[in-house]
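**Student:** Quick one: sequence plus predicted model below, questions after.
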Amino acid sequence: QVQLVESGGGLVQTGGSLRLSCAASARTLSGYTMDWFRQAPGKEREFVAGISWSDARRVYADSVKGRFTISRDNTENTVYLRMNSLKAEDTAVYYCAAAMLQGVIATIPSVFGSWGQGTQVTVSS
């Protein structure tokens, strides 16, 4: 399994921005899909964004389209989530996840076997 370590969460005001990072410990991530999920108190974990490592195709949840951007750095084996125009409803613990899906971008948590520890994002109004 790939070991994942997230960073970059914090407290931000409505309309502000944050960038989350997820560093992966793997010799190569070729063939992997890397996703960001989030979980708010009392709610199920939900898909936020995903990227196919090999060709950088991206998929976003409707709720974050146009505000969030997922990207990856091949040299650092790191995936990022840039979050702009943050809203109170974006408040959650954010998790990165990895799975060898050979180019398929999955949006269901159960597909992923590797998870980071989570990082808290709090958006205050």
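**Tutor:** That came in fine, so what should we check first? Numbers count the residues shown, from 1 in each chain.

**Student:** center of the protein - which residue?
**Tutor:** In the chain, the centroid-proximal residue (CA atoms, centre = their mean) is residue 36; its distance is 2.2 Å.

**Student:** Quick check: beta-bridge partners of that one?
**Tutor:** Beta bridges link residue 36 to residue 49, residue 96 when assigned by DSSP bridges.

**Student:** Contacts only, for it.
**Tutor:** Taking CB atoms under 8 Å, 6 or more residues apart in numbering as the criterion, residue 36 is in contact with 20, 22, 48, 49, 50, 70, 79, 81, 94, 95, 96, 97. Using the backbone N, CA and C atoms, a C-beta is placed for each residue, glycine as well.

**Student:** Which one of those residues is nearest to residue 118?
**Tutor:** residue 95 (4.9 Å; CB to CB).

**Student:** where does that closest one land on pLDDT?
**Tutor:** You'll see residue 95 listed with a pLDDT of 98.

**Student:** hang on, residue 86 in a strand?
**Tutor:** No. Assessed with DSSP: H, G, I helix; E, B strand; the rest coil, residue 86 is coil; it does not lie in a strand.

**Student:** Next one: it relative to residue 51, how far apart?
**Tutor:** For residue 86, the distance to residue 51 (CB to CB, to the nearest Å) stands at 20 Å.

**Student:** Then residue 26?
**Tutor:** With distances taken as CB to CB, residue 26 is found 15 Å from residue 51.

**Student:** got a pLDDT number for residue 37?
**Tutor:** Reported pLDDT for residue 37: 98.

**Student:** Next: residue 108.
**Tutor:** What the model reports as pLDDT for residue 108 is 97.

**Student:** Name the residues of stretch 3-19 that are buried.
**Tutor:** Across stretch 3-19, burial judged by 16 or more other CB atoms under 10 Å covers 4, 6, 8, 9, 12, 18.
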